[in-house]
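Asks: Take this sequence and fold it.
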Amino acid sequence: MKIRSLAFRTDLVVRRLAGSVIVDHPSHQVVRTPGNPSFWWGNFVLVAHDALPEAPGLFAREFPEASHLAIGVDGTNGEVGPRAEWERLGISVEVDAVLTASSLRVPTRSAEAELRLLTGDDWGQVAALRLACDESRPSKDNTAFRTAKLAEERLLCEAGDATWFGAFVDGDLRTSLGVVDDGQGVARYQHVETHPAFRRRGLASALVHFAGTEAVARGARTLVIVAESDGAAIRIYRSLGFAQTERQVKLQRMD
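Replies: Alright, predicted model coming up:
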């Protein structure tokens, strides 16, 4: 399957580097992350738009033991098919903005923080920040997912496949994000998060700019970030010079 979506292409780069098993078929791809079965978007099917009507059945056959449904829809313009039919099946539709830039503007607001690459000693603070930002209900599965995801991100950094950055206020990590380079000039941002008590202080804007500038200096020609179309984060990214080039479609359901 030839993938048109820049967002899903870079998603799959990350999944391959992280050790996921990806099986390619003419009309779809199956992505499995055995080490983190609770990770919805590590265990999903990516389908061409023409195969969309059969996608729920395809997912059920590929993941018969899954307690969730996760279907990525390849494309660039956000086509989802009959939304009312998905809702009738209890499937939610998520359409996100895919933004790109070749360089970034300096933030208009300066952030009072230390911006730097993370070291091995910082990962405990990353875990604490991730927990503080998690708005989902506490559960055994969610804890297992978060622990496995953090371990995966750290291994990517230790292997040289990703770089994680942090904004520190008085020595405490308050914003973090990752960047994965695909080796062909495209750098994809990962997991931008700011502690709830430290938002609206310019930390995320400063760190996105800092990380993007570092990526460009290392040879990246295209910076890619994905955001909710109507969320607060997209305004930050646009202010830095990111422009929407595509839309990414995901269908999901928790059974």
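
Asks: my read: His25 touches Met1, true?
Replies: Yes: His25 is within contact range of Met1, at 6.3 Å (criterion: CB atoms under 8 Å). Where you see a C-beta, it was placed from the backbone N, CA and C, and this is true even at glycine.

Asks: I'd like the average pLDDT over stretch 169-181.
Replies: Here stretch 169-181 scores 97 as its mean pLDDT.

Asks: Mind listing what's buried along it?
Replies: Of all the residues in stretch 169-181, those buried under the rule 16 or more other CB atoms under 10 Å are 169, 173-181.

Asks: Kindly report the same for stretch 179-190.
Replies: Here stretch 179-190 shows 179-182, 186-190 as buried, counting by 16+ other CB under 10 Å.

Asks: Kindly reformat the residues you listed as JSON lines containing distance to Ile225.
Replies: Compiled in JSON lines, the buried residues of stretch 179-190 are given as follows (distance: CB to CB, whole Å):
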{"residue": "Val179", "distance to Ile225": "10"}
{"residue": "Val180", "distance to Ile225": "12"}
{"residue": "Asp181", "distance to Ile225": "14"}
{"residue": "Asp182", "distance to Ile225": "14"}
{"residue": "Val186", "distance to Ile225": "12"}
{"residue": "Ala187", "distance to Ile225": "9"}
{"residue": "Arg188", "distance to Ile225": "8"}
{"residue": "Tyr189", "distance to Ile225": "4"}
{"residue": "Gln190", "distance to Ile225": "9"}
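
Asks: looking at this protein, which residue lies furthest from center?
Replies: Most distant residue from the mean C-alpha position of the chain: Asp170, 28.0 Å away (CA atoms, centre = their mean).

Asks: contact partners of stretch 154-163?
Replies: With contacts defined as CB atoms under 8 Å, 6 or more residues apart in numbering, stretch 154-163 is touched by 14, 17-18, 117-118, 120, 123, 153, 164, 178-181, 190, 211, 214-215.

Asks: Let's see which of those residues end up in helices.
Replies: Mapping the contacts of stretch 154-163 onto helices (DSSP state H) picks out 14, 17, 123, 153, 211, 214-215.

Asks: By neighbours, which of those residues wins?
Replies: Ala211 (26 neighbours; other CB atoms under 10 Å).

Asks: what sits against the nearest residue to that one once chain neighbours are set aside?
Replies: Sequence neighbours aside, Phe165 is the residue nearest to Ala211 in space, at 4.5 Å (criterion: CB to CB, 6 or more residues apart in numbering). Counting by CB under 8 Å, 6+ apart, Phe165 touches 115-118, 176-179, 207, 210-211, 214.

Asks: again, 10 Å this time
Replies: Counting by CB atoms under 10 Å, 6 or more residues apart in numbering, Phe165 touches 115-118, 175-179, 189, 192, 207-208, 210-212, 214-215.

Asks: Repeat that for Thr222.
Replies: 6, 10, 100-102, 182, 184-188, 215-216, 245.

Asks: next one: Gly42
Replies: Here Gly42 is in contact with 11, 14-15, 18-20, 31-36, 70, 145, 148-149, 152 (CB under 10 Å, 6+ apart).

Asks: Give me the PyMOL select line for the residues you listed, limited to the buried ones.
Replies: Buried residues among the contacts of Gly42 (16+ other CB under 10 Å), as a PyMOL selection:
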select buried, resi 11+14+15+18+20+31+32+33+36+70+145+148+149+152
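
Asks: Strands - which of the contacts of Gly42 land there?
Replies: 31-32, 70 (DSSP state E).

Asks: Could you export those residues as JSON lines, including pLDDT?
Replies: Shown next, in JSON lines, are the ones in strands among the contacts of Gly42 (pLDDT from 0 to 100):
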{"residue": "Val31", "pLDDT": "98"}
{"residue": "Arg32", "pLDDT": "97"}
{"residue": "Ala70", "pLDDT": "97"}
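
Asks: now those in TSV, with distance to Glu158?
Replies: Listed next are those as TSV, based on distance: CB to CB, whole Å:
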residue	distance to Glu158
Val31	23
Arg32	23
Ala70	28
